[in-house]
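1. show me how the following folds:
(2 chains)
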There are 2 protein chains.
Amino acid sequence: MIPVFFYFAPVAALLALAFAFYFFRQMMKEDEGSEVMRRIAGHVRKGAMAYLSQQYKVVGIFFLVLAVLLAIMSYGFGIQNPWVPFAFLTAGFFSGLAGFFGMKTATYASARTAQAASRSLNDGLRVAFRSGAVMGLTVVGLALLDISFWFLVLNLFVGGEDPVYRMVIITTTMLTFGLGASLQALFARVGGGIYTKAADVGADLVGKVEAGIPEDDPRNPATIADNVGDNVGDVAGMGADLYESYFGSILATAALGAAAFAATGDAGMQLNAVLAPMLIAGLGILLSILGVFFVKAKAGAGHHQLMGALHRGVNISGALIIVLSFFLLRALGIDNAVGIWGAIVTGLLTGVIIGKSTEYFTSQQYAPTKGISKQAETGPATVVIAGMGVGFMSTAIPVIVVGVGMILAFTFASGGGGMENILYGLYGIGIAAVGMLSTLGLTLATDAYGPIADNAGGNAEMAELGPQVRERTDALDSLGNTTAATGKGFAIGSAALTALALLASYIQAIKMSIDRVVGQTSTFVFPNNVEVTSVASVRELDLLQFMEFFQVHLMNPKVLVGVFIGSMMAFVFCGLTMNAVGRAAGKMVEEVRRQFRENAGIMQGEVEPDYARCVEISTKGAQKEMLLPSLCAVVVPVLVGFLFGVAGVVGLLVGTLSTGFILAIFMANAGGAWDNAKKYIEEGHHGGKGSEAHKATVIGDTIGDPFKDTSGPSLNILIKLMSMVSIVTAGLTVAYTLF
Amino acid sequence: MIPVFFYFAPVAALLALAFAFYFFRQMMKEDEGSEVMRRIAGHVRKGAMAYLSQQYKVVGIFFLVLAVLLAIMSYGFGIQNPWVPFAFLTAGFFSGLAGFFGMKTATYASARTAQAASRSLNDGLRVAFRSGAVMGLTVVGLALLDISFWFLVLNLFVGGEDPVYRMVIITTTMLTFGLGASLQALFARVGGGIYTKAADVGADLVGKVEAGIPEDDPRNPATIADNVGDNVGDVAGMGADLYESYFGSILATAALGAAAFAATGDAGMQLNAVLAPMLIAGLGILLSILGVFFVKAKAGAGHHQLMGALHRGVNISGALIIVLSFFLLRALGIDNAVGIWGAIVTGLLTGVIIGKSTEYFTSQQYAPTKGISKQAETGPATVVIAGMGVGFMSTAIPVIVVGVGMILAFTFASGGGGMENILYGLYGIGIAAVGMLSTLGLTLATDAYGPIADNAGGNAEMAELGPQVRERTDALDSLGNTTAATGKGFAIGSAALTALALLASYIQAIKMSIDRVVGQTSTFVFPNNVEVTSVASVRELDLLQFMEFFQVHLMNPKVLVGVFIGSMMAFVFCGLTMNAVGRAAGKMVEEVRRQFRENAGIMQGEVEPDYARCVEISTKGAQKEMLLPSLCAVVVPVLVGFLFGVAGVVGLLVGTLSTGFILAIFMANAGGAWDNAKKYIEEGHHGGKGSEAHKATVIGDTIGDPFKDTSGPSLNILIKLMSMVSIVTAGLTVAYTLF
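-> Numbers count the residues shown, from 1 in each chain, chains lettered A, B, ... in the order given. Predicted coordinates:
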């Protein structure tokens, strides 16, 4: 029943895991350096693992509660399919596992990177980058394996005489499996974001500003927590974020493909359309592994050469995916293969342009960030105003690019953009997201590389290695800052496209729920009073009829209220996470002050400060503070569905998507620009380090910290998670709506 | 044909103007104080008038160009009705005239208020408040007079055998007349906002921070420009903003009423539904005049008593409008009069709750602002982070309240919320806005009162009046800050409701344009390929069919692109205005520094600084900088209409409305909270004036200045203006769409 070439996907996934393991073993064989270096790395590793185990405990409880609720929905009320509770747990588990491996690798790699950098720049780059690749390949490997597994299981167990509709049921069921990954991602991003910035802001405010000691100084009790934070936020958080996008985009595209190609009545072609996103993902994995081997630098390479080395890998695998996916789609024999291929190319280009735009607005090599540095001459207020201005303006290009990309993908895949082929068009938007994320194994490696290089620098600083080593780790770190900024742009862009695909597939989930209701009670009345009395007549309804029967148009106040609340959610979510960072950082400030006050030996460098206490404070703060925002993200879609029905939910998702997407860009870019405006002054402009202008940009940078590392990235998850929650609770919304 | 009771509206409007004139004369009879006070007031008045005449010159050119374009659309291409160019100019002229009178009154009143305050607190309050009432009554008087005039003219000249459809034509034509008021408002808000903050930030950065002289010190060359700015931004800008809301809400409600009650086929009842918003506005004027006389304070009254005095007037007229509008609607004999009355009450309550919420989040008497002050102990970065957090969180209540208000108004007016009565429901939303704004004459008086009191304080400071006078003007000023904050909340809330009503009536404008096309060419093909070939069949189409034929649903990528671009516009508009303030303030900083450097006598208080030069810089900066954002607001809707048609435009308007509304609340409240967090510390908390904590909050306040006085308020106009531009260019969109 399932063609043999399907197994290409799980095999590629296993291959990714095998290479991840290989790169991990390679890294572990490296020398971890002196005793001091090992000790510092050990502190960071212990802190990171302590955080992760605490995090997973809290998340575990949350998951169990939700699994029970889902089980009640499935087995008690029959408003959700019976597979969901189990698939929910597996997706969450695999996402968590990827985070665990990634963090473990990153924390083992930092001292080894520093040590390798003491030999040569290329050695440092190789160790750091391949350790990043462990994270990248683990994420894509586990995600695609999970998808393949459940696809096989459902194909075994789901019955039905009509093979075409059976595939619609299978893929729509699988769609709901994404919730586990989404929820895990939310906790990782919010918890990690709060952790890292509480530690960072706390360390900076007391260490740098009050005590006047440099960053990463071993006398600062919060310095280990700060280094742990880089791993927690940028490795585990970013990994879980993109795990979710990858997972969600494949599932949504499969569901849209099944629905679109159901119209052809050709079960074989429909199956191929469903498999296409998985196969493209598999292809992307092979090319990502290939790309890893292209990343190498010559001795004495500058910033540009290093950047070129990283780009080479990404460019080669990107170019190859464009060429090979064309042949793949042709081989699958799907109708309009060229158009669908056009959508994939559109997705890839969209990602590239957003990355470039992010670089322009946040790098100190370009006018916007330089302009912020100049404003530092009139103090912190003008720095903040200018940074805000840059952040606001930087939203234009990504929004236009995603907008144009969406239109193009839709037009290509629908063969002209007409509404009669709307499902093909939406499938095109989904597959554009899949295309953008196909080489995630590699792009995530360049992201995860950043914090490893950063930690290597911290390790070298604390272990007082020679200036040449610092110079090299600084070069690697500075590169990491650029890849982190473009990585954030990429994460936002892929989140937007994935959320669009999820939005489109929400109606599929609603359709399936009505199918279930009518199967049980033989009747369902739409809000516009149209009644259906047989499963067959439900199955005949097309997407636009659902939109009409549920009155999902923009003059319906329920839709508008949904949009308003959705937009507001993005703002309130930012407020909750900003305030959380403020509170957690406040506790860290008190603790660091207390240690300095009660133990004078710390500042003399005679006594080692109590690092563990600071790690604990950040961990506890993050765990406590992540609950409320997370709960909001889960509860609001359910509540809106209950109050205002499908119309309200679609409005809600559109509102959160559009505002959240743009707010995320604003926060990430304003934060990145402030960070680099400070670096630009540290390079010697406008008075250089220690000047009044420098102090002004340090304030800007501190404000930017929660912008770019907590609230901004968390919004990516919010827009996807709210769609996922809506999809999973579609049955609830269909069964119970108040107004 | 037109019933006699219609004349109640223009008579009430004339009465408003008469009382405005009476209050103006009363104020002019007051003593303007000492020679120094007169001289200072003269400087401010001269600066304000110089600004206004320069502003009106630039705006005049813009208006003439646009009038020519509109004339070409009307007479050349026949895609707009022939009245538009003239009505466009009158609306702009009247709005400008209201601004002129308001500014003139305010600048004459400041020294008189200071002088009256030297007699007693109540005298000071009376002079300031009644001068504010001049602005309030002029705005409502001119607006309602303009509407009444054109209603009469169109009733004379528009022909047509079917009286019911004739009224639809008249009201939809009048709808397009709002553009003049919208455009004037945009220039007033953006230009005024840039002016006032360039002067304020410039004065503070050099005066307070660098030279260490107090605010309003006569030695500061920018101090007159700063005082002019209060008038330009808070009097003229706020007045034009609410003029537009008032004007637009009445027009939109009339158009929706004509369309909704056309279904009854009863021309008399339809006419009454059209007249209802005008008559309610007329009633509100009478009650506003009455309310003015209730505002008085006893000698030695504290903040609460003064607040009580202001509230008394607003509460009494608000309560009376609730009672009297019920009888008015019953007397008009409109179907479901009780439901429509419910919508009016909903609108009024919405305004009250938003005002209270704004007060909670921005007043130093409550936890949020106190929390920001506390964060000042760890420096400016935590002040900014905390203020952002407060701003983000403060969006929740207004959005929920407007959302619930919208649903309730719709449900009441449609008799249950069903989509079969959608036009009645939308009429309800419109009339909720009219209800909220009905007593604008009075609420605007409490707004305009603020800057007058502020200027009186500045005048007293510069003229070195005794401490008792300063105490009293400070009491009046502090009250003004609270009314300004609640006034801003009110302006935002009314803008949101008005924009909703305009959005709803956009489809009416589209319908009228298709009517015109089919009248000329006998055919029109909708995007879903449905063709209409007779005017009669166009007229039979209902709102929901238009939405369907234009494919305005949320799975249409064109709609989604529209939403994305709309949301983005709000952010980019903020970026443009923030950057504009930054640049204009930079020039001011240079000028003030230059004067201090080149003329040492200034700091010794021996030589009067060159105030006029600073006024000129702010004026020129504002004129230059307001053009680009204004042009964007006008061009983008036209462009989106051309590219993506009606579907794209509706998406655009929804996106701008939801995101712009929320962003405006965020910016206004964050700015207000920073301002008052500073005041809270100045009251002696956390170290008081001059402490490090105080300096931190001064930075927060400076950042908040463009938030709350430039970008935030300008967003109110953006959301209304973009709707207006779309309505006026509906004919263009219908005739020419690319995709």
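2. nearest spatial neighbour of whatever residue of the stretch 451-600 of chain A ends up closest to chain B, skipping sequence neighbours?
-> Ranking the residues of the stretch 451-600 of chain A by distance to chain B (Cβ to the nearest Cβ) places A:Gly575 first, at 2.8 Å. No exception for glycine: its C-beta is placed from N, CA and C like everyone else's. Nearest residue to A:Gly575 in three dimensions, chain neighbours excluded: B:Phe392, at 2.8 Å (Cβ to Cβ, 6 or more residues apart in numbering or on different chains).
3. close enough to count as contact, the one you found and A:Ala570?
-> No: the pair B:Phe392 and A:Ala570 does not pass the contact test of Cβ atoms under 8 Å, sitting 9.1 Å apart.
4. residues contacting the residue nearest to A:Gly575?
-> Residues in contact with B:Phe392 (Cβ atoms under 8 Å, 6 or more residues apart in numbering or on different chains) are A:Phe571, A:Val572, A:Cys574, A:Gly575, A:Leu576, A:Met578, B:Phe666, B:Ala670.
5. and A:Gly441, what does it touch?
-> The contact partners of A:Gly441, by Cβ under 8 Å, 6+ apart, come to A:Ala16, A:Ala133, A:Gly136, A:Leu137, A:Val139, A:Val140, A:Gly141, A:Gly284, A:Ile285, A:Ser288, A:Ile289.
6. how about the residues of the stretch 301-450 of chain A by chain B?
-> By Cβ under 8 Å from any Cβ of the partner chain, the part of the stretch 301-450 of chain A that sits against chain B consists of A:375, A:378-382, A:384-386, A:388-393, A:395-396, A:399-400, A:402-404, A:406-407, A:410, A:417, A:419, A:422, A:425-426, A:429.
7. filter those residues down to the buried ones.
-> Of all these considered here, the ones buried according to neighbour count by 16 or more other Cβ atoms under 10 Å in any protein chain shown are A:375, A:378-382, A:384-386, A:388-393, A:395-396, A:399-400, A:402-403, A:406-407, A:410, A:417, A:419, A:422, A:425-426, A:429.
8. which of those fall within helices?
-> Where these overlap with helices, as defined by DSSP state H, the overlap consists of A:375, A:380-382, A:384-386, A:388-393, A:396, A:399-400, A:402-403, A:406-407, A:410, A:422, A:425-426, A:429.
9. what sits against A:Ala475?
-> Contacts for A:Ala475 (Cβ under 8 Å, 6+ apart) come out as A:Leu121, A:Gly302, A:His303, A:Leu306.
10. pLDDT score assigned to it?
-> Predicted confidence (pLDDT) for A:Ala475: 82.
11. circling back: tell me which of the contacts of A:Gly441 is nearest to chain B?
-> For the contacts of A:Gly441, the minimum distance to chain B (Cβ to the nearest Cβ) is 24.9 Å, reached by A:Gly284.
12. and the closest residue to A:Val401 other than its chain neighbours, what element?
-> Distance criterion Cβ to Cβ, 6+ apart; nearest residue to A:Val401, sequence neighbours excluded, is A:Ile353 at 4.9 Å. Under the criterion DSSP states H and E, the helix or strand holding A:Ile353 is helix A:337-362.
13. check which residues of that helix are buried.
-> Going through helix A:337-362 with 16+ other Cβ under 10 Å, the ones that come out buried are A:337, A:339-355, A:357-362.
14. check stretch A:75-84 too.
-> Taking 16+ other Cβ under 10 Å as the neighbour-count basis, stretch A:75-84 is seen to contain the buried residues A:Ile79, A:Gln80, A:Asn81, A:Trp83, A:Val84.
15. repeat for stretch A:605-613
-> Along stretch A:605-613, the positions that meet the burial threshold by neighbour count (16+ other Cβ under 10 Å) are A:Pro609, A:Asp610, A:Tyr611, A:Arg613.
16. go through these and flag which are in helices.
-> Helix and strand membership here follows DSSP H; of the buried residues of stretch A:605-613, those in helices are A:Tyr611, A:Arg613.
17. quick check: the farthest pair among the buried residues of stretch A:605-613?
-> Pairwise distances across those peak at 8.5 Å for A:Pro609 and A:Arg613 (criterion: Cβ to Cβ).
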